[in-house]
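1. Coordinates only, no sequence provided:
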């Protein structure tokens with residue numbers, strides 16, 4: 001009785017080598033992976049703002065100090081000055097003020113970017129955001145940008161998803 005034979009042809013090897021070359025090309029496009037990582041960073045920042053710092057600090061950002069307005073103290077509020085010196089314009093009390101979220105300009109100043117060798121999140125034109133992030137003088141630390149340990153797990157998941165997609169694109173139909 002003769003044993004069945006298994007033959008590998010040059011054409012089969014060529015097909016496998018082409019798929020491996022395609023996989024190599026897909027893996028060597030890290031810009032797509034870093035785009036996904038920058039999305040992870042931006043989502044962290046957005047969610048941290050929604051939770052008033054709940055991702056960066058257990059219990060959230062330190063609350064606003066009570067303010068005195070027209071003779072009485074108010075917690076969780078801030079005084080908003082009127083612009084200009086026209087008669088009749090007065091300061092007003094903003095109650096239930098959201099920390100770092102009154103106008104949205106601070107959040108809008110936090111930018112994520114990516115390139116072929118990395119991704120980052122940083123504050124740009126608003127210097128007061130850096131002062132809040134690091135704590136400055138009378139300001140308590142209110143982190144608005146993630147540390148590596150805050151996002152490590154999500155970054156690994158994004159990188160693994162990129163690699164799985166690269167394999168599917170290379171060896172798929």
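-> Structure received. From a predicted model like this one, the values you see are computed outputs, not experimental measurements. Numbering: from 1, shown residues only.
2. can you give me the strands in this protein?
-> 67-69, 72-74, 77-80, 92-95, 110-115, 118-123 (DSSP state E).
3. Show me where the protein dips below the pLDDT cut-off.
-> Applying pLDDT under 70 to the chain flags the ranges 1, 68-69, 73-97, 173.
4. Would you mind splitting it into its domains for me?
-> Using automatic domain parsing, the domain parsing of the chain gives 25-62+99-173, 64-98.
5. Pick the most buried one from the ones you listed.
-> domain 25-62+99-173 (a mean of 15; mean count of other Cβ atoms under 10 Å). Bear in mind the C-beta positions are built from the backbone N, C-alpha and C, glycine included.
6. For that domain, what is the distance to the chain centroid?
-> Centroid separation for domain 25-62+99-173 versus its chain: 2 Å, with Cα atoms, centre = their mean, to the nearest Å.
7. Grab the nearest non-local neighbour of residue 36.
-> Residue nearest to residue 36 in three dimensions, not counting chain neighbours: residue 158, with 4.2 Å by Cβ to Cβ, 6 or more residues apart in numbering.
8. who touches the one you found in this structure?
-> Applying Cβ atoms under 8 Å, 6 or more residues apart in numbering to residue 158 gives the contacts 33, 36-37, 39-40.
9. Residue 45 touches residue 151, doesn't it?
-> No. Judged on Cβ atoms under 8 Å, residue 45 makes no contact with residue 151 at a distance of 9.9 Å.
10. Quick check: which of the domains of the chain is nearest to residue 12?
-> When the domains of the chain are compared for distance to residue 12 using Cβ to Cβ, the nearest one is domain 25-62+99-173, at 14.2 Å.
11. could the domains of the chain go into a markdown table alongside distance to residue 11?
-> Output for the domains of the chain, formatted as a markdown table (distance: least, Cβ to Cβ, whole Å):
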| stretch | distance to residue 11 |
| --- | --- |
| domain 25-62+99-173 | 17 |
| domain 64-98 | 65 |
